[in-house]
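In: Sequence plus predicted model, see below.
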Amino acid sequence: MSSISSSVIEAWLRRLAQVFTQHKDELTDLDAKIGDADHGVNMARGFTAIPPKLDALVDKSVGSLFRTSAMTLISQVGGASGPLYGTFFLQAARPANGKSELTLKELCQCFDSGLTGVVNLGKAALGDKTMVDALTPALAALHPKNGDSLEAALARAATAAHEAAEATIPLIARKGRASYLGERSIGHKDPGAASSALLILALAETVTPPA
Amino acid sequence: MSSISSSVIEAWLRRLAQVFTQHKDELTDLDAKIGDADHGVNMARGFTAIPPKLDALVDKSVGSLFRTSAMTLISQVGGASGPLYGTFFLQAARPANGKSELTLKELCQCFDSGLTGVVNLGKAALGDKTMVDALTPALAALHPKNGDSLEAALARAATAAHEAAEATIPLIARKGRASYLGERSIGHKDPGAASSALLILALAETVTPPA
Amino acid sequence: MKKLINNSENVVTEALKGMEAAYPDLIKVQYDPNFIMRADAPVKDKVALISGGGSGHEPMHGGFVGKGMLDAACPGAVFTSPTPDQMHAATKAVAGEKGALHIVKNYTGDVMNFELAAEMVRAEGIPVESVVIDDDVAVQDSTWTAGRRGVGATVLAEKLCGAAAEDGRPLAAVRDLCKRVNAQARSMGMALTSCTVPHVGKPTFDLPDDEMEVGVGIHGEPGRKRAKVVSADEIVELLMEPILNDLPFKSDDEVLLFVNGLGGTPLIELFIVYRKAAEIAKRAGLKVTRNLVGPYITSLEMAGTSITLLKLDEELTTLWDAPVLTPALRKGI
Amino acid sequence: MKKLINNSENVVTEALKGMEAAYPDLIKVQYDPNFIMRADAPVKDKVALISGGGSGHEPMHGGFVGKGMLDAACPGAVFTSPTPDQMHAATKAVAGEKGALHIVKNYTGDVMNFELAAEMVRAEGIPVESVVIDDDVAVQDSTWTAGRRGVGATVLAEKLCGAAAEDGRPLAAVRDLCKRVNAQARSMGMALTSCTVPHVGKPTFDLPDDEMEVGVGIHGEPGRKRAKVVSADEIVELLMEPILNDLPFKSDDEVLLFVNGLGGTPLIELFIVYRKAAEIAKRAGLKVTRNLVGPYITSLEMAGTSITLLKLDEELTTLWDAPVLTPALRKGI
Ligand SMILES: Nc1ncnc2c1ncn2[C@@H]1O[C@H](COP(=O)(O)OP(=O)(O)O)[C@@H](O)[C@H]1O
Ligand SMILES: Nc1ncnc2c1ncn2[C@@H]1O[C@H](COP(=O)(O)OP(=O)(O)O)[C@@H](O)[C@H]1O
Ligand SMILES: [Mg+2]
Ligand SMILES: [Mg+2]
Ligand SMILES: [Mg+2]
Ligand SMILES: [Mg+2]
């Protein structure tokens, strides 16, 4: 596969409703350790609200799918993750306006623009123990290497995101609720990094269903 | 011994401070089951306040000892037991006015008068699962039988009081806080009956120190 | 036991010192015998209202001392009724020629201690009347028992009689009003957890994680029955049903709905309870024209709620709306 | 988990329905997006005050909506900041020409959601200012972190700015006042027990029977340290010390002392805490001329307390004494 169609993107966005319902408790437990025990609930509330919105959607271009998801997350989630993931999709929508499919290069443009939005809003730097720590290496890994397939790139990104999320465990949180803990945030995985890893993995698995 | 001196009465009243300190938790636990978990604390607070008052006392006639104890209990205990035990000693004081010793017959008069006071104030009938259930048979047993000794009569009264207190276990409470429980008060010993038994036992042991 | 206390012996005295420090404009605190009185007491040409009871029910009674409510409150040890000398001293301190009304919750100890106090006070020529509050429908009323317990209606009676006394009404009128309030009010409570009496150090009763005590008393006295915990709505039905059945509330009656917190239950839950209670009252054809929601008569840190329904009329409504200025209840001033 | 709720999904909506039923004269409640507004909003020629945050801190913020305090409050899910569309709708509903002030507690989520809302509102031509409250000294302030949390000072800022707005002051003045209140206030809290978020169903943190969390956040965020439970007096020293050190309180400064309950701690304990806190303030040469004692900013059923000290001046004292009529705070009306 050399490009990804808007219907695959839609399948991904719909898949996220199940993914975050399944991982609700796991993410909430992570948040209970260094936050306020609601990240899983927030993600589930936000992403389960997306499919009904997509049903009603007429313009199913990638840009429109992303923008609708963004507005849904912003109005449904609250907390820190709502505006952040909302902004991610809002900014990701721009390069995808009117597009019915994206090349790997275009997909990278979208996500990079989304990540930039997250960083501008949240002011988190790499290593602050946030979702940015998972998204940054994931998107780096997504960029085409000597013309390999979109499937391969996505698999690489998913692995990178997963490893990066695990790598937040030894870090001291410098942003968000966990930062109040200072030293005591060490030893726990960042919930937002974990949810970002799930987000990327879900796309890889939408494109290449797990055996 | 054919009569009891005011100094023995004083020794008894002082002894009660230790008795109710020792049995504080036991009485409170009983009260926790069918009341509000304070009977032991109430009795300890009241009776430990008596010795200092006796120290300051000039007229150490039995009547004066009883009246001082009564006023102390009334002003220190509160709850149901304060007025009740207070009244017991207040009424017991009357027949003992100015007396420096009491015959067994006179002692019975004092306690009978005290019990009458308790019944008039509390309106409890025999079998209502109150201190009255312990005091009534105890005072009946205290009355001289074919001229036996005061020691023997007190020992008899102590046993009667103890057995009567145990006998409150199967009863339904009809007075005091325990009455709110109705059927559910069955199976628990009445705290006030237990404290009354301790009160009588302490007198017997003051007169005849346990081997 | 986890509590913000120093030691169980001093809980009451230290709490009194805290109130004294917090409300110097409203109250004065006297120590042994302990009582809280209006800063401006004795108030001329006014019946004096005195109440009291064991501590552990805060803000009742001390938090209700002030203009338009109580003239004095006598706090006993935790869950133990106060002693006669407290009520004696308090009544003498606040009562004038118009005399004093003792508002007494129906517990054997409270009744007997207030009785002894009233005798002492009368002996000194001060006219005293006593009204015993017994609104708890969880307890079967019967001459064979100590009768019903006094709970939520006490708070309402203190507010309403306080307004009547402020009004300059004579002792007999205030006494009769208090009796009427008691006669027109019914309450019932439930607990999700026990409370722990400081000097006992362990919970008064053990309640499994999935059970509740229905009809619990404000001293942690066991209630009508143990039951599995059910939803808030079902719990409110359990409380409202005996209340509505006990008092002949008629359709279109105006009522005051008082949803009380027992100490450990947060406001967010009390609003969920209020929502359902108001719905049930409406279903029964009642008009809820006044209400009170919050922890006003508590049982230490017990989690749970009690509901009180008072049948109103024009007079009671006017008295309820009258100004009041106390540490715990304030309006119009 | 034992709570008076029906199911965790409906906690916030049902509590809102309860408030709506309880205070029809004071507030109006709007549903999705959820917000509580003054019954008489929009109020002419007055800056509109809007606050909000996660639910579970009742009475804050909804209980502070009314004359002399907030014009609207936006309740999020339990412990989750509200969404921009709530603040957007609330601001449009209550703001007039004088514009609106958003009072925001310093949590990443609250700040970002209010920020997005403010942009939406400004885009529609309504002047909006935002002030972020960050008074919690338990958290080290630093540009490298999310900074201090907003806690007790929020309640005081809402009262004081509410009075200033009622006064007719312009937006910039009310905003600057809010900043000044925040700059002159410091808080710290501690927990004896955890709270349980309804949809989580188990305690947010496990605290052994003999330990406490010092510097806990109002969402059950762990604090500065775990420590063995000590006496109330020692606990108050632990809380007052960093508060007094952080703010250059000077001898003879007049202060407002706010002793707050976290939800599960009864009033009797708060008075014991107040007693010691006032003593320490005095020892430090401060004059406690105003105070507030009770559960005003809670953390569900968490047992514990927080202390807030606000440096007063003539202006702030006058604003504090100004009339206020809300479900949770009332004086002079
Ligand atoms: N300033 C920030 N920049 C980027 N991500 C952040 C920031 N603050 C928090 N996050 C992410 O949000 C996650 C928490 O989200 P969530 O629990 O839903 O919101 P809240 O913290 O308001 O309860 C954190 O684990 C972190 O990854
Ligand atoms: N009406 C009564 N007549 C006689 N004794 C009573 C009466 N009511 C209560 N008691 C006694 O008082 C005891 C309880 O005393 P206590 O616990 O100190 O007071 P309270 O019940 O006020 O907490 C009961 O166990 C009972 O024996
Ligand atoms: Mg969170
Ligand atoms: Mg008792
Ligand atoms: Mg008692
Ligand atoms: Mg949150």
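Out: Perfect, thanks for sending it. Residues are numbered from 1 along each chain as shown, chains lettered A, B, ... in the order given. Ligands and ions are numbered 1, 2, ... in the order given.
In: can you pull out the strands in chain C?
Out: For chain C, the strands defined by DSSP state E occupy C:27-30, C:35-38, C:48-55, C:72-78, C:100-105, C:128-133, C:185-191, C:211-214, C:225-228, C:254-261, C:287-294, C:304-311, C:324-325, C:330-331.
In: Neighbours of residue A:161, how many?
Out: 30 (other C-beta atoms under 10 Å in any protein chain shown). All C-beta atoms are positioned from the backbone trio N, CA, C, and that covers glycine.
In: quick check, it in a strand?
Out: No - applying DSSP: H, G, I helix; E, B strand; the rest coil, one finds residue A:161 to be helix, outside a strand.
In: List the contacts of it.
Out: By C-beta atoms under 8 Å, 6 or more residues apart in numbering or on different chains, the residues touching residue A:161 are A:134, A:135, A:137, A:138, A:141, A:196, A:197, A:199, A:200, A:201.
In: so of these, which ones are in strands?
Out: Among these, no member falls in strands (DSSP E).
In: quick revisit: of all the strands of chain C, which lies closest to ligand 3?
Out: With C-beta to the ion as the measure, strand C:254-261 is the member of the strands of chain C nearest ligand 3 (27.6 Å).
In: Show me where the stretch 101-250 of chain C has its helices.
Out: C:108-123, C:153-166, C:171-183, C:232-246 (DSSP state H, counting those that start in this stretch).
In: Can you say which of these is packed in most?
Out: Comparing the helices of the stretch 101-250 of chain C by mean neighbour count (mean count of other C-beta atoms under 10 Å in any protein chain shown), helix C:153-166 comes out on top with a mean of 27.
In: quick one: low-confidence parts of chain A?
Out: Along chain A, no part satisfies pLDDT under 70.
In: How about the residues of it by chain D?
Out: Contact residues, chain A versus chain D (C-beta under 8 Å from any C-beta of the partner chain): A:28, A:32, A:34-38, A:41-42, A:45, A:74-84, A:121-122, A:173-177, A:179-182, A:184.
In: Which of those are buried, as a PyMOL select command?
Out: Applying 16 or more other C-beta atoms under 10 Å in any protein chain shown to the residues of chain A next to chain D, the buried members can be selected in PyMOL as follows:
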select buried, chain A and resi 28+32+34+35+36+37+38+41+42+45+74+75+76+77+78+79+80+81+82+83+84+121+122+173+174+175+176+177+179+180+181+182+184
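In: Sort out for me which of the residues of chain A next to chain D are in helices.
Out: Secondary structure defined by DSSP state H assigns A:28, A:32, A:34, A:41-42, A:45, A:74-76, A:81-84, A:121-122 of the residues of chain A next to chain D to helices.
In: what's the distance between residue A:16 and residue A:23?
Out: Distance of residue A:16 to residue A:23, given as C-beta to C-beta, to the nearest Å: 10 Å.
In: about what we covered before: from the contacts of residue A:161, which land in helices?
Out: A:134, A:135, A:137, A:138, A:141, A:196, A:197, A:199, A:200, A:201.
In: any idea how far the residue of the stretch 151-300 of chain C found nearest ligand 3 lies from residue D:299?
Out: Of all residues in the stretch 151-300 of chain C, the one sitting closest to ligand 3 is residue C:268 (18.6 Å; C-beta to the ion). Between residue C:268 and residue D:299 the distance is 11 Å, computed by C-beta to C-beta.
In: hmm, what's the outermost residue in chain A?
Out: residue A:183 (26.6 Å; C-alpha atoms, centre = their mean).
In: Now it: closest residue in space that isn't a chain neighbour?
Out: Distance criterion C-beta to C-beta, 6 or more residues apart in numbering or on different chains; nearest residue to residue A:183, sequence neighbours excluded, is residue A:172 at 6.4 Å.
In: For whatever residue of the stretch 201-333 of chain C ends up closest to chain A, give me the pLDDT.
Out: Nearest residue of the stretch 201-333 of chain C to chain A, counting by C-beta to the nearest C-beta: residue C:268, 15.7 Å away. Residue C:268 is assigned a pLDDT of 98 by the prediction.
In: wait, doesn't it sit right on residue D:301?
Out: No - counting by C-beta atoms under 8 Å, residue C:268 does not reach residue D:301; the two are 9.3 Å apart.
In: Provide the count of other residues in contact range of residue A:43.
Out: 32.
In: Please tell me how far it sits from ligand 5.
Out: The gap separating residue A:43 from ligand 5 is 52 Å, by C-beta to the ion, to the nearest Å.
In: Surely residue A:175 touches residue A:126?
Out: No - shown here, residue A:175 and residue A:126 do not form a contact pair, counting by C-beta under 8 Å, at 11.2 Å.
In: For residue C:265, list the residues it contacts.
Out: Residue C:265 neighbours (C-beta under 8 Å, 6+ apart): C:192, C:295, C:303, C:304, C:305, D:4, D:301.
In: which one of those residues sits closest to residue C:220?
Out: residue C:304 (10.1 Å; C-beta to C-beta).
In: ok, back up a step: which among the strands of chain C is found nearest to residue D:12?
Out: strand C:287-294 (16.8 Å).
In: how about that closest one: buried residues?
Out: Within strand C:287-294, the residues that count as buried by 16+ other C-beta under 10 Å are C:288, C:290, C:291, C:292, C:293, C:294.
In: what lines up beside that strand in the sheet?
Out: strand C:254-261 (parallel) (DSSP bridges).
In: Please work out the average pLDDT along the strand it pairs with.
Out: On average, strand C:254-261 scores 98.
In: residue ranges of the strands in chain A, please?
Out: Using DSSP E, strands in chain A cover A:3-5, A:101-103.
In: Parallel or antiparallel, list what pairs with the last one.
Out: The strands beside strand A:101-103 in its sheet (DSSP bridges) come out as strand A:3-5 (antiparallel).
In: what separates the partner strand from the chain centre, distance-wise?
Out: 18 Å (C-alpha atoms, centre = their mean, to the nearest Å).
In: Contacts for it, please.
Out: A:100, A:101, A:102, A:103, A:104, A:106, A:107, A:150, A:207.
In: For chain C, which residue gets nearest to ligand 5?
Out: residue C:80 (4.2 Å).
In: Do I have it right that that residue meets residue C:53?
Out: No - counting by C-beta under 8 Å, residue C:80 sits too far from residue C:53 to count as a contact (9.0 Å).
In: ok now stretch C:274-286, how far from the chain's centre?
Out: 23 Å.
In: Equivalent analysis for stretch C:298-309, please.
Out: 11 Å.
In: Report the mean per-residue pLDDT for that stretch.
Out: 98.
In: So is it next to ligand 5?
Out: No - counting by C-beta under 5 Å from the ion, ligand 5 is not contacted by stretch C:298-309; separation bottoms out at 12.5 Å.
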